[in-house]
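Undergrad: Here is my input; please provide its structure:
(one chain, ligands or ions: 2)
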Amino acid sequence: MNPPCERQIGALHIHSSYSHDAEWPLERCKEVFKREGYHFLAMTEHAEGLDPERAAVWLEECDRLSDPACLILPGFEFSVGRQIHLLGFGVRKLLRGRSMEALIDQIHEAGGVAVWAHPVPASLNLIYPAAEALDGMEIWNSRYHKGGGLPLRLLRALEKLRETRPAFHGFAGIDFHKGDQDRRLSVAVESPRSASAILEALRAGQFMIQRGRLRIPATGSLSWRQQIEMALHTNFFRTESNALAP
Ligand SMILES: [Zn+2]
Ligand SMILES: [Zn+2]
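TA: Numbering: from 1, shown residues only. Ligands and ions are numbered 1, 2, ... in the order given. Below is the predicted model of the structure:
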């Protein structure tokens, strides 16, 4: 019998101390996020600085700490050149693709979801050739986009990309490195609570980005009411309440 399809609250783009610039051991990440109401963590350790032996230890720890109430999904963040970081949600082994295209292919071959991390407006033009192959990009990264607001430029870029690539979706990432970071940006995924089902739902864009009262579908399409609020500048992106409230 298949497990029931429910709403899984997930934290995307999480670094533990297996990443060279992150603070918390994996176990602490898991404990704290679980206590805060998350049902899964999509880890994205920096691939640079990890060798295959250490990656194997990390993977074993991810699997050991994962529990039915709070799943740990292994994954990596890969650097491509100087400007681009690519997330591979669900990737369980180090990959060494040299170009963006090669890496995206390798992520998919490894069963992962390929998402462009924290795009900056200056490099948005770089994404268009690769957008055919990518599963999406972060339209909201709470470490880069400080001040708690969704960056509208990225929402508009998503809209443009989806005109020719409807399978391309917008993602939200906490990009968690340090304990004092805001952890209230989540995704609500409609899926059974299993790693493979959650990854498929992420790939298919079957989730909502949520922070406080704000709900944005992975398509980036705002409701007419949200569009009016945005047009009227009525604090559309006020997001102070609890992100995990139903
Ligand atoms: Zn990054
Ligand atoms: Zn990161």
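Undergrad: Output the longest strand belonging to this structure.
TA: strand 6-14 (DSSP state E).
Undergrad: which bits of the chain sit near ligand 2?
TA: Within the chain, the residues that sit near ligand 2 (C-beta under 5 Å from the ion) are 77, 175. The C-beta positions use only the backbone N, C-alpha and C, and glycine is treated the same way.
Undergrad: where do the helices sit along the chain?
TA: Listed in chain order, the helices of the chain (DSSP state H) span 26-35, 52-65, 100-109, 124-130, 152-164, 195-203, 224-231.
Undergrad: Tell me the buried residues in stretch 120-131?
TA: 124, 126-127, 130-131 (16 or more other C-beta atoms under 10 Å).
Undergrad: Next: stretch 225-235.
TA: Buried positions in stretch 225-235, judged by neighbour count with 16+ other C-beta under 10 Å: Glu229.
Undergrad: what's near enough to touch Lys30?
TA: Residues in contact with Lys30, defined by C-beta atoms under 8 Å, 6 or more residues apart in numbering, are 41, 65, 70, 72.
Undergrad: ditto for Leu94
TA: When contacts are counted by C-beta under 8 Å, 6+ apart, Leu94 touches 47, 50, 52, 55, 76.
Undergrad: Can you tell me how far it is from Leu65?
TA: Using C-beta to C-beta, to the nearest Å, one gets 20 Å for the distance from Leu94 to Leu65.
Undergrad: again, but for Ile228
TA: From Ile228 across to Leu65, the span is 45 Å (C-beta to C-beta).
Undergrad: can you check Ala102 too?
TA: Applying C-beta to C-beta, one obtains 31 Å for the distance of Ala102 from Leu65.
Undergrad: returning to that earlier point: farthest pair within the buried residues of stretch 120-131?
TA: In the buried residues of stretch 120-131, two members sit farther apart than any others by C-beta to C-beta. They are Leu124 and Ala130, at 11.5 Å.
Undergrad: And Ala102 and Leu65? Which one has more around it.
TA: Neighbours of Ala102 and Leu65, each counted by other C-beta atoms under 10 Å, are more numerous for Leu65; the result is 19 against 13.
Undergrad: I'd like to check which residues are in contact with that one.
TA: 26-27, 30, 72.
Undergrad: give me the residue from this protein nearest ligand 1.
TA: Sorted by distance to ligand 1 under C-beta to the ion, the residues of the chain start with His85, at 3.6 Å.
Undergrad: Contacts only, for the nearest residue to that residue once chain neighbours are set aside.
TA: With C-beta to C-beta, 6 or more residues apart in numbering as the criterion, His85 has its nearest non-adjacent residue at 4.1 Å, and that residue is Ala117. Residues counted as contacts of Ala117 (C-beta under 8 Å, 6+ apart) are 13, 44, 77, 85-87, 137-138, 141, 173, 175.
Undergrad: Since that was my last question, I'll sign off now.
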